[in-house]
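>>> Provided below are the primary sequence and the corresponding predicted coordinates.
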There are 2 protein chains.
Amino acid sequence: MNDIEISQAATTAPITEIAQTLGLTPDQIEPYGNNKAKIKLPVTGDTKNSKLILVTSINPTPAGEGKSTVTVGLGDALKRQGKKVAIALREPSLGPVMGMKGGATGGGYAQVIPMEDINLHFTGDMHALTEAHDTLSALIDNHIQQGNALNIDPRQIIWKRVLDINDRALRQTVIGLGGRTSGVPRQDGFDITVASELMAILCLSKDLADLKARINRIVIGYNYDKEPVTVADLKVAGAITLLLKDAIKPNLVQTLEHTPAIIHGGPFANIAHGCNSVLATQTALKLADYVVTEGGFGADLGGEKFMDIKTPVLGKTPDAVVVVATVRALKYNGGVAKTDLEAENLDALAKGSANLSRHVQSMQHYGVPVIVAVNRFTSDTDAEIKQLLDFIHDTLHVPAYDTTVWANGGGGALSLADAVVSATAKSQAFNPLYQPEDDLMTKMTAIVQNIYGGKDVELEPKAKRQLKTFAKYGWDKLPVCMAKTQYSLSDNAKLLGAPTDFTIHVREFVPKLGAGFIVAMTGNVLTMPGLPKHPAALDMDITADGKITGLF
Amino acid sequence: MNDIEISQAATTAPITEIAQTLGLTPDQIEPYGNNKAKIKLPVTGDTKNSKLILVTSINPTPAGEGKSTVTVGLGDALKRQGKKVAIALREPSLGPVMGMKGGATGGGYAQVIPMEDINLHFTGDMHALTEAHDTLSALIDNHIQQGNALNIDPRQIIWKRVLDINDRALRQTVIGLGGRTSGVPRQDGFDITVASELMAILCLSKDLADLKARINRIVIGYNYDKEPVTVADLKVAGAITLLLKDAIKPNLVQTLEHTPAIIHGGPFANIAHGCNSVLATQTALKLADYVVTEGGFGADLGGEKFMDIKTPVLGKTPDAVVVVATVRALKYNGGVAKTDLEAENLDALAKGSANLSRHVQSMQHYGVPVIVAVNRFTSDTDAEIKQLLDFIHDTLHVPAYDTTVWANGGGGALSLADAVVSATAKSQAFNPLYQPEDDLMTKMTAIVQNIYGGKDVELEPKAKRQLKTFAKYGWDKLPVCMAKTQYSLSDNAKLLGAPTDFTIHVREFVPKLGAGFIVAMTGNVLTMPGLPKHPAALDMDITADGKITGLF
């Protein structure tokens, strides 16, 4: 059976029962159908005695790593061992679902369900973000059209438009054509919704008031005097916040094994911080004893940003980090072509394991116990698994387990769960990578040297100029969010394994004052993906009686 | 109290109880929170013994008519008189809500609730349509980018993009800029979502299979041989239908008086047919004895299209038509400026009443009993009301009642409800305006002469050329959907009252094969509204504890 067949064959428990296992009464949730709900805010409870486990991974490859699958499987395993557990995940974006992925809710017997709803419109959060973002865009262009009292320079608007669609044709557009009554012509473009600053804001907001305050701080562009213009200047934060009044509430679903899963928010892990919402993680911590969550892409992006951007807002650091690797992905990192990954190749595995070493070390830098989960594929040979586990134990000196959650659900991660329970039993001092008062250059250098394993940071001319003006506005002490390719530790997507001695080139900075960080753009980071030659959408269908195929 | 204050002060009955009054068990609905639900399909039942009441109006004016308010009030009045009633309404579009209207769910004590949810994202139907529409757009541009096997001419794509936002700057755009990897440059533009053919399709579909069949028939443009290219050619109807799997289910809410209201779909009444979904009306007819529904804009647009486009699909014609008029709007039609409408003006009222006469006569043409509801405003004088009611009784020979539903809810329309009950007690032979086999020109002429009170139809050169090619594809016998200004019976928005002897100019035809009609574009019909100088969004807010202001 494939993923959707497994999902469709499953029986969901009524969402009120799942809520009940977390101590939530029916009037503390808002049902969306019988197996999805939003959790009403605020949720009372304490977060400090709960254990937080961050699941991250090596650099993603076309071979597949299965980070979400391991996150779900680990949650199920902890539940099987009698723990009160909640999983916190990101919401899938429809763009990739229709493009390459087909789905993003784990896989096999380690899935959150109903996968078809979660992968499609779910509870509407993504659409509310799109609507809120583009309403702000329309209000900006309308402001200019109606007299431009704020003196906004149409050439310096940085607030683009968004759609939750992979649509390369919208990356660069000209709008406002058609004469006097149809706006002011200007260059514009669309990002995918998960790249919207509003998504990052939603995921970092503590409550509705914080959400509105952050929206007020968004810099939408500059006026003719080169001064920043904010949403506060436009006086529309109320309307934009109103459009997000339900999106801010975390969503509750379940795994195939009826483990509660809180799925909420999903910012890109390159141009944003790549983790589910603070409210989701916080709610999970208040309601459960063990919370398993994940960061986007590899440990260099989602992992680092979880530690440096999310935890200061969350007020809680992870008690353990699980780094997911696969034999296939490490062989790919060792130079094996995508088509040859099925064949045993111990040399390439050894060579590619350098990528895993780097990510383990970078997570160890934070002083948190690290455990490796080797997500086993059927093509992996026993010799490959043994070599990899031995390498991790003997050379990296960290616990490592092969997991078979795709085939066995929680039963495939019981040893991993045991290790997580013992690792989190003792409290550890968190060692931050940088201090809040460090300047942007110091912060970036710390990330490049300690996380990426590189040498230094070089600013291109535009970035250099920006750094000077940022000091003027007091933006130079904000956290930095590195927008870097997910495929390499460097800013060159083709450099696999564990490159060293490289320089990270910062093209420009994008101030995201609402999110509260400065994005450093390195290399070419696409904020609007395209569709492939054969999009997943072409294989999707629904029958007259509602049976769905082609989501996987 | 204003509308939202009244709505917020109201107590909603649990949606399961509202469903129960229609004979729906809890497992026949999918709750969205505690006071909204989707009705699972199919619903069993018979429609033929239920009474269908269509509420329509004179031409809309800035003075306000209150058609939705009367629809809700009439439903509540019928319920007060012990009838088993359901109201069927269109879903509001967020574009106008953020722009001029602030809300579109009735008013005062004749509202559907929760008005803030219905006016904002509701159950996500509008967003699902946006996503489905724009996914198709992206798949079209991707097809061209990836080799263009169908030989689509980028200059002849008629499938634009949509957003549920009033955004004039997106009316005319250039997309695909940025070089080889970012698509093929071409002229494009955005409509508002309610103008999407998918909205019209959703509202005319009988079930999921019909929805997919209609989507397959959509003409997205032409190839270099000038032959139409359809969604079937692109092989993506499955994915697009999948994105609408929940949007096709009617939504259940309630009025302030706990009358069930099925709110579903909301196509524009100019470039589309302007009525809530066939499935919503049909479901209401199956479950209730009296169904009150409305058509968009005036009787010349929403009324005519209800009769000529919707009823053949619905398989049921109205048992009575209620035409809503206000003293203010008729005075406006009689030449009074918007600022002077508060002052009594019997002459202007007499003059402007010609507009009402025309709409009453056009609806009488269908052989259905017509009743006029005068929606009373506080500024109306007794003399004005008396003169208007006398005119309707004595000159038009139809029953007429003043209603005060804004102030009194169902209690303000009890006489109107009595009249509706007696008018619908006897069955009437429906007299169609034209025969299905008539050609487009015959159909348009019938509409212009019998509904608008005009003289004839003139085709501009492009429309003439199109008519010839349409015959070739067998499109010349389809129903016609007139895209005309809503403000005048003619195609000149400034011609108020009841003009005669005018010609309707058809600029071009737009084939909407999925919806199953040909749109005749007359004059300048905007399919993407703009925001006003002071958009409603500027006055909206939400407090830290979730209290909403500025929706009205």
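Looks like it came in fine. Residues are numbered from 1 along each chain as shown, chains lettered A, B, ... in the order given.
>>> roughly how far apart are residue A:3 and residue A:74?
18 Å (CB to CB, to the nearest Å). Any C-beta I mention is one placed from the backbone N, CA and C, and that applies to glycine too.
>>> higher neighbour count, the two?
Legend: neighbour count by other CB atoms under 10 Å in any protein chain shown for residue A:3 and residue A:74, higher for residue A:74 (32 against 22).
>>> residues touching that one, list them.
A:53, A:55, A:292, A:322, A:373, A:403, A:405, A:410, A:413, A:416-417, A:420 (CB atoms under 8 Å, 6 or more residues apart in numbering or on different chains).
>>> Kindly recompute the last result at 7 Å.
Residues in contact with residue A:74 (CB atoms under 7 Å, 6 or more residues apart in numbering or on different chains) are A:55, A:292, A:322, A:413, A:416-417, A:420.
>>> by contact count, what packs against whichever strand or helix holds residue A:505?
Using DSSP states H and E, residue A:505 sits in strand A:503-512. Applying 3 or more CB pairs under 7 Å, 6 or more residues apart in numbering or on different chains; DSSP states H and E, one finds that strand A:503-512 contacts strand A:456-459, helix A:461-473, strand A:517-522.
>>> Could you look over the ones you listed and pick the most buried one?
When these are scored by mean count of other CB atoms under 10 Å in any protein chain shown, the highest mean neighbour count falls to strand A:517-522 (a mean of 24).
>>> mind checking the SS state of residue A:38?
The three-state label given to residue A:38 by DSSP: H, G, I helix; E, B strand; the rest coil is strand.
>>> Near chain B, which residues of the stretch 151-300 of chain A are found?
A:163-178, A:182-183, A:207-209, A:235-236, A:238-239, A:241-243, A:245-246 (CB under 7 Å from any CB of the partner chain).
>>> List buried residues within these.
A:163-177, A:182-183, A:208, A:236, A:238-239, A:241-243, A:245-246 (16 or more other CB atoms under 10 Å in any protein chain shown).
>>> ok, the one residue in the stretch 1-150 of chain A that gets nearest to chain B to residue A:243 distance?
Here the stretch 1-150 of chain A gets closest to chain B at one residue, residue A:127, 3.4 Å apart by CB to the nearest CB. As for residue A:127, its distance to residue A:243 is 10 Å (criterion: CB to CB).
>>> Repeat that for residue A:160.
18 Å.
>>> residues touching residue A:134, list them.
Counting by CB under 7 Å, 6+ apart, residue A:134 has contacts A:161-162, B:163, B:165.
>>> Residue A:86 and residue A:262 touch, don't they?
Yes. Using CB atoms under 7 Å, residue A:86 is in contact with residue A:262, at 5.9 Å.
>>> got any residues that touch both of these two?
Residues touching both residue A:86 and residue A:262 (CB under 7 Å, 6+ apart) are residue A:284.
>>> coming back round to it: what about the helices and strands packed on strand A:503-512, which gets the closest to residue B:364?
strand A:517-522 (64.6 Å; CB to CB).
>>> Can you spell out which helices and strands pack onto the lowest-mean-pLDDT helix or strand in chain A?
Lowest mean confidence among the helices and strands of chain A (mean pLDDT, DSSP states H and E): helix A:3-9, at a mean of 87. Applying 3+ CB pairs under 7 Å, 6+ apart, we find helix A:3-9 packed against strand A:110-113, helix A:115-119.
>>> Residues touching it, excluding its own?
Residues outside helix A:3-9 that contact it (CB under 7 Å, 6+ apart): A:1, A:103, A:107-109, A:111, A:113-116, A:548, A:551-552.
>>> out of those residues, which touch chain B?
Among the contacts of helix A:3-9, chain B is touched by residue A:548 when using CB under 7 Å from any CB.
>>> all helices for the stretch 351-500 of chain A, in order.
A:382-391, A:405-408, A:414-425, A:440-447, A:461-473 (DSSP state H, counting those that start in this stretch).
>>> who touches the second one?
What it means is helix A:405-408. A:66, A:69-70, A:73, A:107-110, A:412-413.
>>> got those residues as TSV, with distance to residue B:365 and pLDDT columns?
Formatted as TSV, the contacts of helix A:405-408 follow (distance: CB to CB, whole Å; pLDDT from 0 to 100):
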residue	distance to residue B:365	pLDDT
A:66	66	91
A:69	64	96
A:70	68	97
A:73	67	98
A:107	61	91
A:108	63	93
A:109	64	95
A:110	64	96
A:412	71	98
A:413	72	98
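>>> Looking at the residues you listed, state which has the most neighbours.
residue A:73 leads the contacts of helix A:405-408 on contacts (other CB under 10 Å) with 40 neighbours.
>>> who touches that residue in this structure?
Counting by CB under 7 Å, 6+ apart, residue A:73 has contacts A:110, A:403, A:405, A:409-410, A:412-413.
>>> so it sits in a helix?
Yes. When three-state DSSP is applied, residue A:73 is found to be in a helix.
>>> check contacts around residue A:264.
Counted by CB under 7 Å, 6+ apart, residue A:264 has contacts A:91, A:250-251, A:276-277, A:279-280.
>>> If you drop the residues flanking it in sequence, what lies closest to it?
Counting by CB to CB, 6 or more residues apart in numbering or on different chains, residue A:264 lies nearest to residue A:280, which is 3.7 Å off, once chain neighbours are set aside.
>>> returning to that earlier point: could you find the closest non-adjacent residue to the residue of the stretch 1-150 of chain A closest to chain B?
residue B:127 (3.4 Å).
>>> any idea whether that neighbour is helix, strand or coil?
Residue B:127 ends up helix, using three-state DSSP.
>>> before we move on, what about residue A:184?
Per three-state DSSP, the secondary structure class of residue A:184 is coil.
>>> I'd like to know how many residues surround it.
That count, for residue A:184 with other CB under 10 Å as the rule, works out to 16.
>>> Please report the distance of it from residue A:137.
13 Å.
>>> In contact with residue A:538, which residues?
B:235-236.
>>> quick one: it and residue A:547, what's the gap?
Counting by CB to CB, the separation of residue A:538 from residue A:547 is 18 Å.
>>> ditto for residue A:184
49 Å.
>>> Over to residue A:230?
Counting by CB to CB, the gap from residue A:230 to residue A:547 is 49 Å.
>>> More neighbours: which of those two?
residue A:230 (17 against 10).
>>> which residues does the more buried one contact?
Contacts of residue A:230 (CB under 7 Å, 6+ apart): A:216-220.
>>> quick check, nearest of these to chain B?
Using CB to the nearest CB, these come closest to chain B at residue A:216, 11.8 Å.
>>> count of residues packed around the residue in the stretch 251-400 of chain A that chain B sits nearest to?
Chain B sits closest to residue A:251 of the stretch 251-400 of chain A, with a gap of 12.7 Å, by CB to the nearest CB. Using other CB under 10 Å, residue A:251 has 27 neighbouring residues.
>>> Phi and psi next, for it.
Main-chain torsions, residue A:251, degrees, to the nearest 10: phi -100, psi 140.
>>> That one touches residue A:38, doesn't it?
Yes. Residue A:251 sits in contact with residue A:38 when judged by CB under 7 Å, with a separation of 5.7 Å.
>>> what's the overlap in contacts for the two?
Listed as contacting both residue A:251 and residue A:38 by CB under 7 Å, 6+ apart are residue A:123.
>>> Residue A:74 versus the closest residue to residue A:404 other than its chain neighbours, what's the distance?
In this structure, residue A:404 finds its nearest non-sequential neighbour in residue A:412, 3.6 Å apart by CB to CB, 6+ apart. According to CB to CB, residue A:412 and residue A:74 sit 10 Å apart.
>>> Output the below-cut-off pLDDT ranges for the stretch 1-150 of chain A.
A:101-103 (pLDDT under 70).
>>> Now with 80, please.
Scanning the stretch 1-150 of chain A for pLDDT under 80 picks out the ranges A:63-64, A:101-104.
>>> what do you get for chain A?
Residues of chain A meeting the criterion pLDDT under 80: A:63-64, A:101-104, A:552.
>>> and the helices and strands packed on helix A:3-9, which is most packed in?
By mean count of other CB under 10 Å, the helices and strands packed on helix A:3-9 have strand A:110-113 as the most buried, with a mean of 29.
>>> Determine the set of other helices and strands touching that strand.
Against strand A:110-113 (3+ CB pairs under 7 Å, 6+ apart) you get helix A:3-9, helix A:67-80, strand A:251-255.
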